[in-house]
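>>> need a 3D model of the following:
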Amino acid sequence: MDLRESAVLKLFMVVFVANVSMMRDLTGADSVTPPPPHRWMCNESRLQWEVEVCGDDFKRNMDHVDPKFWCNLTHFISEYNLFSLCTETKSKGVECYWPNPLVESYIIRIHKTFFSNCTNKPMELVDPPNETLTLLILIPVFLTLAMIAVVVWCSKRSDLLA
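Model (predicted):
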């Protein structure tokens with residue numbers, strides 16, 4: 001092996017070792033420690049009771065809102081926010097994540113109780129006036145015809161220029 005090949009091989013090895021060392025430092029493989037496992041499990045029976053307390057508070061607060069305004073969120077947004085915060089706080093207090101299926105099912109029951117008649121009336125779709133419809137159809141048709149005419153005209157002119 002001549003001197004150049006030896007130098008190139010040494011350089012390659014140095015670059016390779018440096019690259020491996022840098023990649024190990026960048027990934028932090030040596031310093032990663034897994035988080036400690038949770039010692040507590042979600043106490044669902046306690047959570048059910050706590051969520052019921054939140055629901056009772058929400059029901060008492062909704063008694064102060066006129067039922068004809070139950071479909072207008074601006075009239076009860078603060079009560080609903082308190083209910084949501086209560087369920088979140090109580091969930092985390094009993095070592096449960098939020099939202100979870102138990103809380104979601106309770107929230108759905110609350111929605112069925114208070115907001116089941118709040119569906120929006122479907123919008124009636126109406127065709128535009130005939131003049132507008134005709135214009136919307138004819139503009140693309142005329143633009144297509146104009147483009148065809150321009151292409152044909154340009155192709156005839158290129159024959160004359162060539």
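
>>> give me the nearest residue to residue 50, chain neighbours excluded.
Sequence neighbours aside, residue 90 is the residue nearest to residue 50 in space, at 3.7 Å (criterion: C-beta to C-beta, 6 or more residues apart in numbering). C-betas here are computed from N, CA, C, even on glycine.

>>> how much space is there between residue 55 and residue 70?
Noted for residue 55: a distance of 15 Å to residue 70, by C-beta to C-beta, to the nearest Å.

>>> where along the chain do the helices fall?
Along the chain, the segments classed as helices by DSSP state H run 3-27, 44-62, 77-93, 101-115, 130-161.

>>> tell me what the second one is packed against?
Packed against helix 44-62, as judged by 3 or more C-beta pairs under 8 Å, 6 or more residues apart in numbering; DSSP states H and E, are the following elements: helix 77-93, helix 101-115.

>>> quick one: work out the angle between the first one and helix 44-62.
Right, the one you point to is helix 77-93. Per axes from the mean of the first three to the mean of the last three C-alpha atoms, to 10 degrees, the angle that helix 77-93 makes with helix 44-62 is 170 degrees.

>>> which residues sit against helix 77-93?
Helix 77-93 has contacts (C-beta atoms under 8 Å, 6 or more residues apart in numbering) with 47, 50-51, 53-55, 57-58, 61-62, 65, 73, 97-100, 103, 106-107, 110.
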